[in-house]
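Enquirer: Build me a model from this:
(one chain, ligands or ions: 1)
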Amino acid sequence: MPYEKTEAILIRATDFSETSRVFSFFSRRFGRMSTLAKGVKRKSSRMIGQVDLFSCGEIVFSSGWYRDRMHILAEACAFETFPAIRDDMARYYAACHAAELARAMTEEEDPAPDLFGELRGLMRRLQAGVEPAVALLAFEARLLLLTGFLPELDRCVVCRGDSGRGPAAFSPGLGGVVCPDCSSEGGDLFEGVSTGALGILARLAEGRVTRLDRVRIAPTVKRQVRRFLDRYEAYVLGYPLRTAKHL
Ligand SMILES: [Zn+2]
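Expert: Numbers count the residues shown, from 1 in each chain. Model prediction:
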């Protein structure tokens, strides 16, 4: 069986048998993928202590399918671990939500190297002490951009006019903000979305905010962006992510 090698982040681990686990990775070369880690629960396993949830490193796997679309993990080495994520609930849930969103918004084995880079960047920022809510919002904005789901945030999606200041309406069906003149064309709307909150999301998506550790967003605005993303992600996916309730 041919072997493949890639950098990868462990995004989910589930028991498979008394000695083996299924490790789901988000990888640089293959996007999200599942591997069977045979014997990993044995005390003699070389992988014990190397591969924690959300850790990142190089994996080697045999690319033959095993039963229902799974590879066999041969090696996991040079793993960068992020212990601060496990030690803090807010960091942990931010990482969980990002991993779930990356899983839900991508196809199995569809390469997404930029998204891999964003996910690793998020883990590093959480480890380094960037405020979890802000780090997560920035990741989600980038994910929406990279997956083609970033909506129109600063102009009316119908007439292309300025969406103005203050409360705005957002049409998930049209994929953007609608101004008061065009709101009748938007179908089901998210009402009372603030243009300030959407503007922050737009800046985060464009990567214009480089020092996230210095970003201070007012708590009310942060809550608005969070609420907007939860609703919009649920709309795009067709269901709410179960990790959203912990944020
Ligand atoms: Zn308009």
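Enquirer: From here on, just use CA atoms for contacts and neighbour counts.
Expert: Will do.
Enquirer: Tell me where the protein has helices.
Expert: 83-86, 89-104, 113-128, 132-146, 195-205, 219-237 (DSSP state H).
Enquirer: closest to residue 155 out of those?
Expert: Among these, helix 195-205 comes nearest to residue 155, with 9.7 Å by Cα to Cα.
Enquirer: Only C-alpha atoms, please: export the closest one in CSV.
Expert: Extracted as CSV, the C-alpha positions of helix 195-205 are listed here (Å, rounded to 0.1, in the frame of the first residue of the first chain):
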residue,chain,number,x,y,z
THR,A,195,-23.7,47.5,10.4
GLY,A,196,-20.8,48.0,12.9
ALA,A,197,-20.8,44.3,13.8
LEU,A,198,-20.8,43.3,10.1
GLY,A,199,-18.0,45.8,9.3
ILE,A,200,-15.8,44.1,11.9
LEU,A,201,-16.6,40.7,10.4
ALA,A,202,-15.6,42.1,6.9
ARG,A,203,-12.3,43.4,8.2
LEU,A,204,-11.5,40.1,10.0
ALA,A,205,-12.3,38.2,6.8
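Enquirer: what's near enough to touch the residue of the chain positioned farthest from its centre?
Expert: Distance to the chain centre peaks in the chain at residue 181, reaching 34.5 Å (criterion: Cα atoms, centre = their mean). Going by Cα atoms under 8 Å, 6 or more residues apart in numbering, residue 181 touches no other residue.
Enquirer: Could you tell me the least trusted of the helices of the chain?
Expert: Lowest mean pLDDT within the helices of the chain: helix 195-205, at a mean of 90.
Enquirer: what residues does that helix touch?
Expert: 137-138, 141-145, 150, 153-154, 163-168, 209, 221-222, 224-225.
Enquirer: what angle sits between that helix and helix 219-237?
Expert: Counting by axes from the mean of the first three to the mean of the last three Cα atoms, to 10 degrees, helix 195-205 lies at 70 degrees to helix 219-237.
Enquirer: Could I get the buried residue list for helix 195-205?
Expert: Neighbour counts over helix 195-205 (16 or more other Cα atoms under 10 Å) mark 195, 196, 197, 198, 200, 201, 202, 204, 205 as buried.
Enquirer: want to throw these into a markdown table with distance to the ion?
Expert: A markdown table is the format used below for these (distance: Cα to the ion, whole Å):
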| residue | distance to the ion |
| --- | --- |
| 195 | 14 |
| 196 | 17 |
| 197 | 19 |
| 198 | 16 |
| 200 | 21 |
| 201 | 20 |
| 202 | 18 |
| 204 | 24 |
| 205 | 23 |
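Enquirer: and residue 224, how many neighbours?
Expert: 18 (other Cα atoms under 10 Å).
Enquirer: ok so, going back, present the helices of the chain as JSON lines; the columns should include distance to residue 177.
Expert: Shown next, in JSON lines, are the helices of the chain (distance: least, Cα to Cα, whole Å):
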{"stretch": "helix 83-86", "distance to residue 177": "35"}
{"stretch": "helix 89-104", "distance to residue 177": "23"}
{"stretch": "helix 113-128", "distance to residue 177": "25"}
{"stretch": "helix 132-146", "distance to residue 177": "16"}
{"stretch": "helix 195-205", "distance to residue 177": "9"}
{"stretch": "helix 219-237", "distance to residue 177": "12"}
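Enquirer: Identify whichever of these lies nearest to residue 175.
Expert: Residue 175 sits nearest to helix 219-237 of all these, at 9.5 Å, using Cα to Cα.
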